[in-house]
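Participant: please find the sequence and the predicted model below.
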Amino acid sequence: MPPRAARRSLLAHAIARNIGLVLVIFLLVFSIFLYGLIYGLTEGRLPGGFELTSTVNNTMPLVLAAMAQTLVVLTRGLDLSVGGVVDLANALGAISLGATPARMALASAFILLAGAGLGLVNGILVAYGRLQPILVTLATLSIYQGLAIRILPQPGGAVPEGYTALLTNPSVPAALLYVVLLGLFWTAFRRSQAGIAIIAIGNDEGAAAANGINPLRAKLLAYTLSGFFAAAAGLFLVATATAGDATTGNGYTLTSIVAVVLGGVSLFGGRGSAIGAMLGAFVTTMIVNILFFAHIDPLYQSFYEGAFLVIAVVLAEGLGRFVRKRR
Amino acid sequence: MSAAPSLEAITASKAYGGVQALDNASFSALPGEVHALVGENGAGKSTLIKVLGGRVRPDSGTIRIDGAKVVHGGPNDAHLLGCWTVFQELTLLPWMSVAENLLLRREPRNALGLTSPRRLVAAAGRVLEKFGITEIDPRALIEDLPLAARQVIEIVRALSHEPRILLLDEPTSALMERETAWLFAQIRRLRATGTTIVFTSHRWHEVETIADRITVFRGGRDVGSFTTLAEEEAVTLMTGQRVETFYPPLPAAPSARADAMLSVADLAGGRLAGVSFTLHQGEILGVGGLAGHGHRELFLMLFGAERPHAGRILLRGREVRLRSPRGAIRNGIALVPEDRKTEGLLLPLSVRDNLTLAVLDRLSRFGVIGRAAERAQAARLMARLAVRAPNAAIPVGTLSGGNQQKVLLGRWLLADCPILLFYDVTRGVDVATKHEIYELMMELARSGSAILFYSSDALELAHLAHRVLVLREGRIAAELPALDLTAEQIVAAAMRERLAA
């Protein structure tokens, strides 16, 4: 009865709705292809199981950081403290993970809870303090980094081998399992009341409130979960490095935002999927790999990374417009 | 009238900043009653609806539902009492689907508390079907729907809760006739089941058609409730004065030798399938027809905001390419859009800044704005347009809709654009402001401006244009001379194809 809204095929809907996801899959395939090509040219053989395992292991912290960042970005916020929480979890892991499995489990649980607590602090300041997310998390980034340095002034500590084997086994791609679990988590979360509330407030906070959603509660949850996943990223980082370093996490603030953008999550909130952001994390790693095997001077690495990001975002935007026009 | 009221507001007050939106207003509605709230923009109707619906807490006063005092802590509390609202500014989530919006917070869930897209779409499809909506795909994103369809979804969502009290704030302003008829059928069905329905409208014939009782608001207060009320009386009550002649007299039509200001030849693109016409100096050329037949594209192309696929635009006989609104303004073309909030005004900026935005280069020297000149210009315009604002420095977003529209008109007056494109400028504007806008249009035409005027209100076109082009399916279906033109003729020309089919 009311004006036209043509019915389209299920596939067309799915593509139009997940254009960011389609693009990041394309980017991933393309970058894997390029990586294989350059690897083959320089090494004289194709990358195999070892390369797969180490790539997935090395990307795990970024995958988790991207998940953390996505949850906050969906609320139309930004979590700059991700890197700080990663550092703090890293430092805590280095000093507290003991030799026994029970000790490891206890310490890990404590660190994850601590991360959630740090996220909750961000959430309280943003939701109840009504402060700008960028401001709050910029401040807490410094605070969390400072705490991390205080806990572990010099790189060191020790991570038991069993822990590394469990999280980021260098010989079996066990981490792939965690990626799949994270994907399942997201799929369920997206379909839960809480997940819908987070996306709804990112769409339009006022409209969501008019529909009876509590925006403050949704924000608290988003930031708390963000802290939790950032702490998990820190644990994976310490596991791969097998020793702690309270400064290696810094970069995750920016790279998590890069992964989120590559993954098609809108920085204006309300649109996008953590699966896209996690794939974006893999694209980011592949770029680094490609540059490495192309023997690009590490000094120029960030130049090429930046150039690639701009191209990818322009491509995404162009494709989005193209799809929109064709309706 | 023996039944007890199901919904009451007793001496409710609410102030926003310095503006008293509701001032000791009282209101009551009965079960099974359709109650219309009428008044100018800024009279307090929307605020009353928000207070009744729990969206806004009154500063003082009492709300009663079924005789019991209620203090809404938020919309949820009102919902628990069976009171649902369709707000004027829609509360749909743009990047979520129709299904997600319709069933927000009551999605079908499995044992784990999770919903699934498939079940959601199926359930939403059933809801739409129940209310006779078959043309909206539950999977479509809200942002991809036209405004009318969004409004329909908003209404369906409220209806699907089977409200005992339904509040509708300007539900028809975005709807075309067919959807309005659908809404009225729904309202009649609810009334028969004893539901209380409160609605606001600026269209008198709608009020006359459906309302059992009418309460008039003025200046934040109720000024009377009536079971029958003539339009003239209502207008008098709303404005507090008698509006002598609602439509001002048209200036004489320009002679056949008047300068052609704007000519369009075979313009096409989007839903516009090839349109040619000429607009003369001093002429008001009406454009009518049903929404979605290319009007929007035509106006956006003439304002440089959309590129035509084919055809030519000539200004005083010289062909121009309009690549941007900036280019159009440079060529002396200004657009006053319907959606002033998103297409014209910078809401957080002051009235003054908004007025002088298009002429800043004229007020500036070496890139620095001359504040004194700006102030003087703005003050003059505000007086001329009778903009009701405490001062020129307050954000334009705090003004009522009609006053916002006047500010936008003022901007183009200041810019001295000889060609003005008026796109449904009076939509959602109150009677008195409408009248002022009409007067202004006539004055502009008399002083030699050429005006292209689209309106969704055929009556307006019939009274205010020298001739009317009716667009249908992207082409000019009819050109009607103003002499003895009636709204019925315009509507008939717009619908002809459809009736024949």
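Facilitator: Right, received. Where do you want to start?

Participant: specify the beta-bridge partners of residue B:69.
Facilitator: residue B:64 (DSSP bridges).

Participant: shouldn't it be in contact with residue B:61?
Facilitator: No: when contacts are counted by C-beta atoms under 8 Å, residue B:69 is not listed as touching residue B:61 (10.7 Å). From N, CA and C alone the C-beta is placed, and that goes for glycine too.

Participant: these two: which is more packed in?
Facilitator: residue B:61 (16 against 10; other C-beta atoms under 10 Å in any protein chain shown).

Participant: next one: the residue nearest the centre of chain A from chain B, what distance?
Facilitator: Closest residue to the average C-alpha location of chain A: residue A:66 at 0.8 Å, with C-alpha atoms, centre = their mean. Counting by C-beta to the nearest C-beta, to the nearest Å, the separation of residue A:66 from chain B is 20 Å.

Participant: and the helix or strand hosting that residue, what does it pack against?
Facilitator: Element membership of residue A:66 [criterion: DSSP states H and E] is helix A:49-74. Helix A:49-74 sits against helix A:82-96, helix A:161-168, helix A:175-190, helix A:193-203, helix A:215-241, helix A:252-262, helix A:274-293, with contacts defined as 3 or more C-beta pairs under 8 Å, 6 or more residues apart in numbering or on different chains; DSSP states H and E.

Participant: tell me which residues of it are tucked away?
Facilitator: Buried residues in helix A:49-74, defined by neighbour count with 16 or more other C-beta atoms under 10 Å in any protein chain shown: A:53-74.

Participant: per-residue confidence for the residue of chain B positioned farthest from its centre?
Facilitator: When distances are taken from the C-alpha mean of chain B, residue B:111 lies farthest, 44.4 Å away, according to C-alpha atoms, centre = their mean. In this model, residue B:111 is scored at 90, pLDDT.

Participant: that one sits in which helix or strand?
Facilitator: Going by DSSP H and E, residue B:111 is not in any helix or strand.

Participant: below-threshold pLDDT in the stretch 301-450 of chain B: ranges please.
Facilitator: Residue ranges of the stretch 301-450 of chain B with pLDDT under 70: B:339-343, B:428.

Participant: which residue ranges of it form strands?
Facilitator: B:310-315, B:318-320, B:333-336, B:364-365, B:368-369, B:419-423, B:450-454 (DSSP state E, counting those that start in this stretch).

Participant: save the ones you listed as TSV, and put in distance to residue A:320 and mean neighbour count too.
Facilitator: As requested, these are arranged in TSV below (distance: least, C-beta to C-beta, whole Å; neighbours: other C-beta atoms under 10 Å in any protein chain shown):
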stretch	distance to residue A:320	mean neighbour count
strand B:310-315	26	16
strand B:318-320	31	12
strand B:333-336	26	24
strand B:364-365	37	12
strand B:368-369	37	11
strand B:419-423	27	25
strand B:450-454	30	25
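
Participant: distance to residue A:153 for those strands - can I get that in JSON lines?
Facilitator: Formatted as JSON lines, those follow (distance: least, C-beta to C-beta, whole Å):
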{"stretch": "strand B:310-315", "distance to residue A:153": "71"}
{"stretch": "strand B:318-320", "distance to residue A:153": "69"}
{"stretch": "strand B:333-336", "distance to residue A:153": "64"}
{"stretch": "strand B:364-365", "distance to residue A:153": "57"}
{"stretch": "strand B:368-369", "distance to residue A:153": "53"}
{"stretch": "strand B:419-423", "distance to residue A:153": "66"}
{"stretch": "strand B:450-454", "distance to residue A:153": "71"}
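
Participant: using a markdown table, lay out those strands together with distance to chain A.
Facilitator: Formatted as a markdown table, the strands of the stretch 301-450 of chain B follow (distance: least, C-beta to the nearest C-beta, whole Å):
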| stretch | distance to chain A |
| --- | --- |
| strand B:310-315 | 17 |
| strand B:318-320 | 25 |
| strand B:333-336 | 22 |
| strand B:364-365 | 32 |
| strand B:368-369 | 29 |
| strand B:419-423 | 17 |
| strand B:450-454 | 17 |
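
Participant: and residue B:20, which of the ones you listed is closest to it?
Facilitator: Residue B:20 lies closest to strand B:333-336 among these, at 29.3 Å (C-beta to C-beta).

Participant: each with direction, which strands does that closest one pair with?
Facilitator: With DSSP bridges as the test, strand B:333-336 is paired with strand B:419-423 (parallel).

Participant: contacting residues around the partner strand?
Facilitator: Here strand B:419-423 makes contact (C-beta atoms under 8 Å, 6 or more residues apart in numbering or on different chains) with B:261-262, B:279, B:295-296, B:299, B:302-303, B:315, B:331-338, B:412, B:441, B:444, B:449-455.

Participant: stretch A:235-246 now?
Facilitator: A:57-58, A:60-61, A:64, A:86-91, A:93-95, A:97, A:108, A:111-112, A:145, A:148-149, A:151-153, A:155-159, A:161, A:163-164, A:166-168, A:175, A:248-249.

Participant: buried sites along it?
Facilitator: Neighbour counts over stretch A:235-246 (16+ other C-beta under 10 Å) mark A:235-242, A:244-246 as buried.

Participant: quick revisit: contact partners for the residue nearest to the centre of chain A?
Facilitator: Counting by C-beta under 8 Å, 6+ apart, residue A:66 makes contact with A:256, A:259-260, A:263, A:274, A:277-278, A:280-281.

Participant: and the residue nearest to residue B:158 when sequence neighbours are not counted, which of the three is it?
Facilitator: Once flanking residues are discounted, residue B:158 sits nearest to residue B:84: 4.3 Å by C-beta to C-beta, 6 or more residues apart in numbering or on different chains. Recorded secondary structure, residue B:84: strand (DSSP: H, G, I helix; E, B strand; the rest coil).

Participant: now, among the buried residues of stretch A:235-246, which is nearest to residue B:3?
Facilitator: Nearest member of these to residue B:3, counting by C-beta to C-beta, is residue A:235, at 66.4 Å.

Participant: okay, and the nearest residue to residue B:215 once chain neighbours are set aside sits in which element?
Facilitator: Ranked by C-beta to C-beta, 6+ apart and with sequence neighbours excluded, the top spatial neighbour of residue B:215 is residue B:225, at 4.5 Å. Per DSSP H and E: residue B:225 is located in strand B:221-226.
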